[in-house]
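Engineer: need the 3D shape of this:
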Amino acid sequence: MASTKLTSLEQDPTPSPGLRITGESMREYLPGEPQALPAHPEIKDIVIQLFTHRSIIEPILVPAVVEPLLVLILEGTAKVEERVRGGEWEAADVSAGDFFLTSSDEPYEMRWQTHGGDTFEVMHLYLGLPLIEQASRELLGEHAGLVRLRDVSGARDARVAFVMEQLRTELVEERSPSPLFARSLAQALAVHLMRSYIADIQPERRVNALQAHKLRKVTDAMTAHLGAEFSLANLARLAELSEYHFSRMFKRATGLSPSQYFIRLRMIRARLLLLETRRSIIDVGLEVGYSSPSHFSQVFRREVGVTPSEFRGA
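Structural biologist: Purely as a prediction, here's the structure:
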């Protein structure tokens, strides 16, 4: 049975306590082989990722996400274990059709072992908060407060499995997927989640946290301009906020300041270039915005724990 043992280097960047990322960023934190999927920028509030996973012996730390995360087992069987940091492991034996629902505000640990084969296939689905909020308003009224979904591990729900499969077919296999059809499926799923998996209703909304669509807009801009100089003013303008309020709301949403988050994205990109290309360390540093090799090495060591050359040679 094939297995993967992650070293401390391979687990970096480690999610900070309280860090919440957008769904698009999750692939940077998970092991496994993500499947390249066609981009559909016209389809909003729906993110799909497909992974092929091998056994993981050492626990990995999974960051919390802004949006509720649904994971559907597509193929294969495995024993999946989860725990809050430092807590007791909880195990679930899963096979095709089982699903997980996670809406935790804090990072958590996972590990898994495949059964009867080297790999198992999973689908991640992130439903944008506007879809969840619309379903909440329809079912509970305009003043229901912030709805929280409960966490579910290794359960069976025929409706969840059916709608997720339909979304996968539409967004992955259709040559020209319909935004209207995809959003209708996602909205139906959000309503079903509201009806079946509500944990509690908070009396007040989480204030001063950047809205998910603005957070995605800002982090997408960061990712597209990693080689440029960091500009708080430009990012605040994208979010249509003052620099002061943008900084506060961004940190409330992600656990990091905008500049810290930008550096984190730069280091993720640098790690991938160091591992997957033979480009010089100077070139890698230049691509992620560092004209000084010594400055790049200093920041990389602070964020990752070793120098770029040590990382590449590990």
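Engineer: run through who's touching stretch 292-299.
Structural biologist: 263, 266-267, 270, 281-282, 284-285, 288, 290, 307-309 (C-beta atoms under 8 Å, 6 or more residues apart in numbering). For every residue, glycine as well, the C-beta is placed using N, CA and C.
Engineer: of these, which belong to helices?
Structural biologist: Using DSSP state H, the subset of those located in helices is 263, 266-267, 270, 281-282, 284-285, 308-309.
Engineer: closest one of those to residue 115?
Structural biologist: Taking C-beta to C-beta as the measure, residue 267 is the one of those closest to residue 115, at 35.5 Å.
Engineer: wait, the closest one touches residue 305, no?
Structural biologist: No: the criterion here is C-beta atoms under 8 Å, and residue 267 misses it with residue 305 at 10.7 Å.
Engineer: mind giving me the domain split of the protein?
Structural biologist: Under the assignment automatic domain parsing, the domains of the chain span 3-202, 212-313.
Engineer: could those go into JSON lines alongside mean pLDDT and mean neighbour count?
Structural biologist: Below are the domains of the chain laid out as JSON lines (pLDDT from 0 to 100; neighbours: other C-beta atoms under 10 Å):
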{"stretch": "domain 3-202", "mean pLDDT": "82", "mean neighbour count": "17"}
{"stretch": "domain 212-313", "mean pLDDT": "88", "mean neighbour count": "17"}
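Engineer: with distance to residue 121 as extra columns, can I get the ones in helices among the contacts of stretch 292-299 in JSON lines?
Structural biologist: Shown next, in JSON lines, are these (distance: C-beta to C-beta, whole Å):
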{"residue": "263", "distance to residue 121": "34"}
{"residue": "266", "distance to residue 121": "31"}
{"residue": "267", "distance to residue 121": "29"}
{"residue": "270", "distance to residue 121": "30"}
{"residue": "281", "distance to residue 121": "36"}
{"residue": "282", "distance to residue 121": "39"}
{"residue": "284", "distance to residue 121": "32"}
{"residue": "285", "distance to residue 121": "37"}
{"residue": "308", "distance to residue 121": "34"}
{"residue": "309", "distance to residue 121": "36"}
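Engineer: quick one, helices of this structure?
Structural biologist: Under DSSP H, the chain gives helices at 8-11, 129-140, 158-168, 179-196, 212-224, 232-239, 243-254, 258-276, 281-287, 293-304, 308-313.
Engineer: so which of those gets nearest residue 81?
Structural biologist: Using C-beta to C-beta, the nearest of these to residue 81 is helix 8-11, at 16.3 Å.
Engineer: hmm, back to that, out of the contacts of stretch 292-299, which comes closest to residue 110?
Structural biologist: Nearest member of the contacts of stretch 292-299 to residue 110, counting by C-beta to C-beta, is residue 267, at 22.4 Å.
Engineer: residue 261 versus the closest residue to the closest one other than its chain neighbours, what's the distance?
Structural biologist: Counting by C-beta to C-beta, 6 or more residues apart in numbering, residue 303 is the residue found nearest to residue 267 once chain neighbours are left out, at 4.6 Å. Using C-beta to C-beta, to the nearest Å, residue 303 is found at 12 Å from residue 261.
Engineer: my guess is residue 273 contacts residue 287, does it?
Structural biologist: Yes: between residue 273 and residue 287 there is a contact under C-beta under 8 Å: 6.6 Å.
Engineer: list the residues that contact both of these two?
Structural biologist: In contact with both residue 273 and residue 287: residue 279, using C-beta under 8 Å, 6+ apart.
Engineer: who touches residue 62 in this structure?
Structural biologist: 15, 29-30, 107-110.
Engineer: give me the beta-bridge partners of it?
Structural biologist: residue 108 (DSSP bridges).
Engineer: how much space separates it from residue 54?
Structural biologist: 16 Å.
Engineer: and what of residue 244?
Structural biologist: From residue 244 to residue 54 the distance is 46 Å (C-beta to C-beta).
Engineer: export only the CA atoms of stretch 254-266, formatted as PDB.
Structural biologist: Extracted C-alpha coordinates of stretch 254-266, given in PDB (Å, rounded to 0.1, in the frame of the first residue of the first chain):
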ATOM      1  CA  THR A 254      -8.100  35.700   7.400                       C
ATOM      2  CA  GLY A 255      -6.200  36.000  10.700                       C
ATOM      3  CA  LEU A 256      -3.300  37.900   9.000                       C
ATOM      4  CA  SER A 257      -2.700  41.500   8.000                       C
ATOM      5  CA  PRO A 258      -2.800  42.200   4.200                       C
ATOM      6  CA  SER A 259       1.000  42.400   4.000                       C
ATOM      7  CA  GLN A 260       1.500  39.200   5.900                       C
ATOM      8  CA  TYR A 261      -1.000  37.400   3.700                       C
ATOM      9  CA  PHE A 262       0.800  38.800   0.600                       C
ATOM     10  CA  ILE A 263       4.100  37.500   1.900                       C
ATOM     11  CA  ARG A 264       2.500  34.100   2.600                       C
ATOM     12  CA  LEU A 265       1.300  33.900  -1.000                       C
ATOM     13  CA  ARG A 266       4.700  34.900  -2.300                       C
END
